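> model the structure of this input:
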Amino acid sequence: MAKILIVDDEPMIVTLLAEIAVEYDHTVFVALNGNQALEICLKENPALVISDIMMPGIDGYELCRRIKNQPQLRETRVVLMTAGFFNPILVEGRYDSFIKKPFNLDEIDEILNVMFPIQNTILHFSETLPNPS
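Purely as a prediction, here's the structure:
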């Protein structure tokens with residue numbers, strides 16, 4: 001499945017999102033700030049980054065810009081999330097989706113299904129097949 005990076009300075013949010021992504025059989029990386037996230041992106045080349053906006057150091061807006069400015073990361077999808085005000089102008093429209101905090105689990109499921117529709121359909125279909133015993 002896909003590599004997903006989850007970035008938030010709140011460990012509880014990171015853990016929750018990581019658990020959901022793992023349920024879909026994705027490989028999950030986590031970072032607690034934008035600097036760590038950029039290092040992981042350059043090393044692992046994730047297919048999706050889900051990042052909080054309000055973080056110390058490199059915030060989510062700047063992280064998104066830096067990801068999209070790296071030639072090897074241009075195809076990386078970026079989902080931004082915040083409990084505060086979201087200004088799409090600050091990322092020059094280069095993000096792929098937005099989640100308002102607090103979010104519900106259905107929103108995360110929907111994001112994963114939109115970003116990886118074929119992979120998630122196969123996973124859910126195989127879970128519903130009867131056991132051939």
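> leaving out sequence neighbours, find the closest residue to the residue nearest the centre of the chain.
Nearest to the mean C-alpha position of the chain, by C-alpha atoms, centre = their mean, lies Ile50 at 2.4 Å. In this structure, Ile50 finds its nearest non-sequential neighbour in Val79, 4.6 Å apart by C-beta to C-beta, 6 or more residues apart in numbering. Every C-beta, even on glycine, is put in place using the N, C-alpha and C of the backbone.
> what does Asp109 give?
Excluding the flanking residues, the one nearest Asp109 by C-beta to C-beta, 6+ apart is Ile20, at 7.2 Å.
> how near is the one you found to Gly60?
19 Å (C-beta to C-beta, to the nearest Å).
> so which of the two has more stuff around it?
The residue with more neighbours, out of Ile20 and Gly60, is Gly60; 27 against 19, by other C-beta atoms under 10 Å.
> wouldn't the more buried one be in contact with Arg66 here?
No. Here Gly60 does not reach Arg66: they are 10.7 Å apart, not a contact under C-beta atoms under 8 Å.
> which element, helix or strand, includes Asp109?
helix 105-115 (DSSP states H and E).
> run through who's touching that helix.
Outside helix 105-115, the residues within contact range by C-beta atoms under 8 Å, 6 or more residues apart in numbering are 2, 17, 20-21, 24, 26, 47-48, 50, 77, 79, 96-97, 99, 120.
> buried subset of the residues you listed?
For the contacts of helix 105-115, a burial check counting by 16 or more other C-beta atoms under 10 Å picks out 2, 17, 20-21, 24, 26, 47-48, 50, 77, 79, 97, 99, 120.
> distance to Gly34 and secondary structure added to those residues, as TSV?
Below are the buried ones among the contacts of helix 105-115 laid out as TSV (distance: C-beta to C-beta, whole Å; DSSP: H, G, I helix; E, B strand; the rest coil):
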residue	distance to Gly34	secondary structure
Ala2	21	coil
Leu17	16	helix
Ile20	22	helix
Ala21	19	helix
Tyr24	25	coil
His26	21	coil
Ala47	19	coil
Leu48	16	strand
Ile50	13	strand
Arg77	17	strand
Val79	15	strand
Ser97	18	strand
Ile99	17	strand
Asn120	28	helix
